[in-house]
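In: pasting the sequence and the predicted model now:
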Amino acid sequence: MRTRHTVVDTTLGPVTIVASDDAVTGLYFRHHIRRPAQETFGPAVANADDTLLAEAAAQLAAYLDGRRRGFDLPLRAEGDTFQQAVWSIVNEIPFGETTTYGRIAERLGDRTLAYRVGQAVGANPLCIFVPCHRVLGANGSLTGYAGGLKRKQALLELEEPVQVRAGRLF
């Protein structure tokens, strides 16, 4: 397995994108909660030298600039069966929409799984690419985000419909 990474500057700060063979396997902020050890990212490579990482960086930049609403990348996240099920549901949340941990638990068949869903969402190694920022607390509140709540808020505001944004006072 050929694992490698690149660091790109974004409007949210530096982001590390990790790839293994032919798939993107991680996207991490510098002070990311549950960030794996740096040595697991493999060697640093320049975007110009790696087609997959260059495309991932370009799509991320276009998304953060408001020119892209989703991603067309080969993604592979390492996780157990429950985490994979949660991440699959999270990946279905449309741009500009949100859901709650409880609703995801209901889709999995048991509302009492909301806490476990929260743990799985927090362990998502492909944040932004798999849009865990679109998952909110039961009352619509911003709750944990591995990249920090300011980044979660910024991502939600980026996806906010223009008419909603225009109606906000701040």
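Out: Nice, thanks for sending it over.
In: part of a strand, is Gly70?
Out: No: if the criterion is DSSP: H, G, I helix; E, B strand; the rest coil, then Gly70 is coil and not within a strand.
In: so which residue is smack in the middle of this protein?
Out: The centroid of the chain falls nearest to Cys127 when counting by Cα atoms, centre = their mean (1.6 Å).
In: so where do the helices sit in this protein?
Out: With DSSP state H as the criterion, the chain has helices at 51-64, 81-91, 101-107, 114-122, 149-159, 162-167.
In: list the buried ones in the first one?
Out: Of the residues in helix 51-64, those buried under the neighbour-count criterion (16 or more other Cβ atoms under 10 Å) are Leu52, Leu53, Ala54, Glu55, Ala56, Ala57, Gln59, Leu60, Ala61, Tyr63, Leu64. Bear in mind the C-beta positions are built from the backbone N, C-alpha and C, glycine included.
In: ok, Leu108 - how many residues close by?
Out: Using other Cβ atoms under 10 Å, Leu108 has 17 neighbouring residues.
In: state the distance from it to Phe82.
Out: Using Cβ to Cβ, to the nearest Å, we find Leu108 at a distance of 8 Å from Phe82.
In: coming back round to it: output the helices of the chain in JSON lines, with mean pLDDT appended to each entry.
Out: Below are the helices of the chain laid out as JSON lines (pLDDT from 0 to 100):
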{"stretch": "helix 51-64", "mean pLDDT": "98"}
{"stretch": "helix 81-91", "mean pLDDT": "98"}
{"stretch": "helix 101-107", "mean pLDDT": "97"}
{"stretch": "helix 114-122", "mean pLDDT": "95"}
{"stretch": "helix 149-159", "mean pLDDT": "95"}
{"stretch": "helix 162-167", "mean pLDDT": "56"}
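In: wait, which of the ones you listed is closest to His31?
Out: The closest of the helices of the chain to His31 is helix 149-159. By Cβ to Cβ, the value is 10.2 Å.
In: list the contacts of the closest one.
Out: Residues outside helix 149-159 that contact it (Cβ atoms under 8 Å, 6 or more residues apart in numbering) are 11-13, 29, 64, 66, 69, 95-96, 98, 128, 131, 133-134, 142, 145, 165.
In: just the ones of those in strands?
Out: Gly13, Phe29 (DSSP state E).
In: which of the contacts of helix 149-159 count as buried?
Out: Looks like those have Leu12, Phe29, Leu64, Ile128, Pro131, His133, Arg134, Tyr145 buried, using 16+ other Cβ under 10 Å.
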